[in-house]
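K.L.:
Sequence first, then the predicted structure, then my questions.
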Amino acid sequence: MNNMGTNTLLIHIGMPKTGTTALQSFLFNNNSLLKKYGWCYPVLEDAESGYWNRWSAERNGNGYKLHADWIINGMKPEWDKGMGIVLRHLEEKNVVLSAENIYGIGNSKFIADAKDKYENIKVVVYLRRQDRAIESLYSQRIKSGLEYVEYYKPYNTFEEFVESYVVSGNFLEYLCKLDLISQIVGEENLIVRIYEKQQLIGNDTITDFMSVLGVPTDQVDWKRKEKNASLGGNYLEISRLINSVQSIDSCVGNRDEILSWCDEEVRHDFYNVCTGLSGIFNQDRGEHGFFTVEERKEFLEKFAPDNEQIARKYLNREDGILFYDDRMDYPLYDINQSSGFEEDMVRVFTAVMHAQGQRLANLIEKTSQEVIGKLMMRDVYQKRKDRKLLLFGAGRNCRKLFDIVGNLPCTLIVDNDLTKQGTAIHGAQVSHTEDIVDWKKYYIIVTCHVTGEIEQQLDNYGLKKEEDYVLMREYGV
């Protein structure tokens, strides 16, 4: 049933590279102040699949998002629960929702479903000049590396990147998107803002967006995060080449094995080094681009008719000018200038540095495991008294324990799996649990990682945790 509502549900569509992440972080961190002005940026913590929402808040500080793809991928029950929370907030205050994927996947479906539940909806969209948007998005993709490996190759040249977007459907064709939205909420409820300093109130998205809400930001109480560090010049190119090494799964056998070393920590190490050096040596370089002047003009010409219509239709500008910034001569980034030998050098040293780091990490883990293992065995020796030691679970963790501790005073291993009966691990015989007559004769180390059913089984034998058995996993081994 549609709720007419007196309060406003404002849906912010986070267009690519228009300050969306910074805005979401600001809303999340200042929600208590927003409420004083009659607005709320809701926490959707009761929605199912909420793990991803919590992850977003904890990792990025952006708050909780109502996912558009919940609808697109047949997860409407989860979306309905999220909207239920939004509707409860709307009973008392105006509500802001903000998400990038409303634009990317089925924005009309998301907004239409929201409109079915609540009548008083407004939508705000920020538009960035298309050439600057795709240049900024390319830089972001290079910095993010394998995060986007499913969607495109994170080591493409700029020309390849632009071509991939033209082939896959151009996200920069703003007019058709705006028309779809206005058909749902009404042209009068679609707020179009232009992402240019000279057109943003306060020269930034946050101040401009708060003006849409009617909320002043000239107070010291508002919390703002520092701007993200940027990559420039050679450091952007080096990052692109590093990504090419981290994506060699397309060239060799096992994808999972390759990606195991392309983990987030490794990528951030490389990224932090490049951004740190870029911050030192590229501070005064100013704004750069990837298009030549002629390429830029040719690229923008594709969007000129649509941009003119947007200016007239949605901003009431008789002159048809959407973007006031007419600069075309941005200096080119120093990219794709290295020789094949130099490129290979970056790749070789990237792989070598990772291999050395991986060896060091393995050594640290092994040393740590040995220390923990010895502490666990000292605890076990104190508790077992004169009882024999028995290992429950003849799997990988059992072998791992032997590898860590070395000589274990153990002559028997048991397992619920009959197929393992009669085998041996490090000289210790594997028996079936039904073969044990007197469990009280043994002190037991449960080596399995999943222990719920085993604990219940041992409890049924009359054994008590800590007194008669311990769980290897609880020691971090």
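P.N.:
Structure received.

K.L.:
Show me what the helix ranked longest in the chain is packed against.
P.N.:
Taking DSSP state H as the criterion, the chain has its longest helix at helix 340-384. Judged by 3 or more C-beta pairs under 8 Å, 6 or more residues apart in numbering; DSSP states H and E, helix 340-384 is in contact with helix 233-246, helix 264-281, helix 396-405, strand 442-446, strand 469-471. All C-beta spots, glycine's among them, are computed from the backbone N, C-alpha and C.

K.L.:
For Glu342, see how far away the closest residue to Gly14 other than its chain neighbours is.
P.N.:
Excluding the flanking residues, the one nearest Gly14 by C-beta to C-beta, 6 or more residues apart in numbering is Thr20, at 3.2 Å. As judged by C-beta to C-beta, to the nearest Å, Thr20 and Glu342 stand 36 Å apart.

K.L.:
who has more neighbours, the two?
P.N.:
Shown here are Thr20 and Glu342; by other C-beta atoms under 10 Å, Thr20 has more neighbours (20 against 13).

K.L.:
I'd like to know how far that one sits from Asn30.
P.N.:
To Asn30, Thr20 is 16 Å away according to C-beta to C-beta.

K.L.:
before we move on, what about Lys383?
P.N.:
To Asn30, Lys383 is 53 Å away according to C-beta to C-beta.

K.L.:
okay, these two: which has more neighbours?
P.N.:
Neighbour count, other C-beta under 10 Å: between Lys383 and Asn30, Asn30 has more, with 20 against 14.

K.L.:
Report the distance from stretch 326-335 to the chain centre.
P.N.:
30 Å (C-alpha atoms, centre = their mean, to the nearest Å).

K.L.:
need the contact list for Lys223.
P.N.:
Phe26, Asn29, Asn30 (C-beta atoms under 8 Å, 6 or more residues apart in numbering).

K.L.:
Let me see the ranges of the strands in this structure.
P.N.:
Applying DSSP state E to the chain gives strands spanning 9-13, 39-40, 94-99, 121-127, 190-194, 388-392, 410-415, 424-425, 428-432, 442-446, 469-471.

K.L.:
residues making contact with the last one?
P.N.:
Applying C-beta under 8 Å, 6+ apart, the external contacts of strand 469-471 come out as 376, 379-380, 383, 392, 443-446, 451, 455, 458, 463, 465.

K.L.:
Filter the residues you listed down to just the buried residues.
P.N.:
Buried members of the contacts of strand 469-471, scored by 16 or more other C-beta atoms under 10 Å, are Met376, Val380, Phe392, Tyr443, Ile444, Ile445, Val446, Thr451, Leu458, Leu463.

K.L.:
so which of these would you say is closest to Leu172?
P.N.:
Thr451 (53.5 Å; C-beta to C-beta).

K.L.:
Distance check, the closest one against Trp439.
P.N.:
From Thr451 to Trp439 the distance is 16 Å (C-beta to C-beta).

K.L.:
and what of Asp269?
P.N.:
49 Å.

K.L.:
Pick out whichever of those two has more residues nearby.
P.N.:
Ranked by neighbour count (other C-beta under 10 Å), Asp269 and Trp439 place Trp439 first, with 16 against 13.

K.L.:
Ile413: neighbour count?
P.N.:
25.
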